[in-house]
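Asker: missing the sequence, but the structure's below:
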C-alpha cells in the first residue's frame, strides 16, 4: 500500500506537470516506486525540462521500446513528437524527420491516414527540408568569456543587446528568452546574405509571421564562435510581440546551445563561464516548459512560478 501510494503521488505530479516538485522528490522516492514504466517516464520528463536533451532522448528510447503497451495511445503519439523535437534541439534534423516519418509510415499498416496526425506530418516534412544544414557548433577558449551588454531604452522600458560579428561586420542582437528561436528581419537576413532553406505558410502561422528558415554559417560573440545556428526570417512589424519590431534577436535556442549565461545588468556585461555553476542544495530553480523559461521563487513557504522573459520590459502578477 505504501509503494502504491508513492506511485500514485508521482503519477499525480506527472499529470499536473509539476516539474519542480517532481525534480525535488524523485531522487528520494524512486526506490519506493513499483512501476518501471513510471520510473522511465519520470526519467524522460525531468531531463526534457531541465535542458539535458541527450539523456531525455535515451530515456524516451527505452520508454517507447519496452513500455509502449502500458502508455495511453495519446501519450505515445505525444512522446514520439517530443523525441523528434529533442533531436532537433540537438541539431539532428534528419533524425527528427525520420522519427516522425517512421511513425507515419507505420500507420499505413492499419489504414490510418497521415492527415490524422498533422503535427507529426509537419515535423517530418519540416526537418527533412533542412536536414542538410550542419549541426550547430560552439567553439570557445578554455576560459570565461566576457562581452559588453548594452541596455537601451525601448519606449516603455529597456531591452538588452550584445555585439555580434557576422561575416566581418558588427551587429546588435537583442536577448529575448521569451522567443523560441533566433530571429532576423528580411532586411537583416539579406544584408547578412543568409541562404533561405525553407519557406512555409505553416511556419508563418506558428511564428508570428516569420515563415522562412535559414542558418547563420558563422558568427563571433567576443571570443565565442557559433556555427550554423538556425534563424527564422520574417518581416519586421510594429504590432504584436515587441521582439519582432527588431532586426536581430537571440531566442531561447541560443541560450540552450551556448549553455550557462550570466547577465550583469548593472555592470553592463555578459559572461559565458567555462565551468557551470554548481547546483545549490535547494535544487534547480529554472526550467524549460513548452519552450519557455520558468523561475521558481518563494513567498514565505509558498512556491510561485514566474516566466523569465528578458524580452518583456515590465513585471506582471496574476490577480
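Answerer: Ah, there it is. Bear in mind the structure is a predicted one, so any value in this text is a computation, not a measurement. Numbering: from 1, shown residues only.
Asker: Every contact and neighbour count from this point should use C-alpha atoms.
Answerer: OK.
Asker: Provide the backbone phi and psi angles at the closest residue to residue 292 other than its chain neighbours.
Answerer: Nearest residue to residue 292 in three dimensions, chain neighbours excluded: residue 178, at 6.2 Å (C-alpha to C-alpha, 6 or more residues apart in numbering). Main-chain dihedrals, residue 178, degrees, to the nearest 10: phi -90, psi -10.
Asker: and residue 178, how many neighbours?
Answerer: 20 (other C-alpha atoms under 10 Å).
Asker: Okay, buried residues for the biggest helix by length in the chain please.
Answerer: Longest helix of the chain, by residue count under DSSP state H: helix 73-89. Neighbour-count burial for helix 73-89 flags 76-77, 79-89 (criterion: 16 or more other C-alpha atoms under 10 Å).
Asker: ok so, going back, tell me if I'm right that the residue nearest to residue 292 and residue 313 touch.
Answerer: No - the pair residue 178 and residue 313 fails to qualify as a contact (C-alpha atoms under 8 Å) at a distance of 11.4 Å.
Asker: Touching both of these two, which residues are there?
Answerer: Residues touching both residue 178 and residue 313 (C-alpha atoms under 8 Å, 6 or more residues apart in numbering): none.
Asker: Confirm residue 151 sits in a strand?
Answerer: Yes - according to DSSP: H, G, I helix; E, B strand; the rest coil, residue 151 belongs to a strand.
Asker: Leaving out the residues flanking it, which one is nearest to residue 68?
Answerer: For residue 68, ignoring the flanking residues on the chain, the nearest one in space by C-alpha to C-alpha, 6+ apart is residue 76 at 6.8 Å.
Asker: Wait, the one you found touches residue 67, no?
Answerer: No - the pair residue 76 / residue 67 is not scored as a contact, 9.8 Å apart, by C-alpha under 8 Å.
Asker: What's opposite the nearest residue to residue 264 once chain neighbours are set aside in the beta bridge?
Answerer: Nearest residue to residue 264, sequence neighbours excluded (C-alpha to C-alpha, 6+ apart): residue 270, at 6.0 Å. Beta bridges link residue 270 to residue 147, residue 263 when assigned by DSSP bridges.
Asker: shouldn't residue 270 be in contact with residue 222?
Answerer: No - if you go by C-alpha under 8 Å, residue 270 and residue 222 don't touch, sitting 10.3 Å apart.
Asker: Comparing the two, which residue is more hemmed in?
Answerer: More crowded of residue 270 and residue 222, by other C-alpha under 10 Å: residue 270, with 19 against 15.
Asker: For the more buried one, give its distance to residue 166.
Answerer: 19 Å (C-alpha to C-alpha, to the nearest Å).
Asker: buried set for stretch 32-49?
Answerer: Buried, per 16+ other C-alpha under 10 Å, within stretch 32-49: 33, 37-49.
Asker: how far out from the middle of the chain is that stretch?
Answerer: Centroid displacement of stretch 32-49 relative to its chain, using C-alpha atoms, centre = their mean, to the nearest Å, is 21 Å.
Asker: Which residues does that stretch contact?
Answerer: In contact with stretch 32-49 (C-alpha under 8 Å, 6+ apart) are residues 3-4, 6-7, 11, 14, 19, 22-23, 30, 53, 55-60, 62-63, 67, 70, 86, 287-289.
Asker: Show me how to select, in PyMOL, the buried members of those.
Answerer: A single PyMOL command selects the buried members of these (16+ other C-alpha under 10 Å):
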select buried, resi 6+7+11+14+19+22+23+30+53+56+57+59+60+63+67+86+287+288
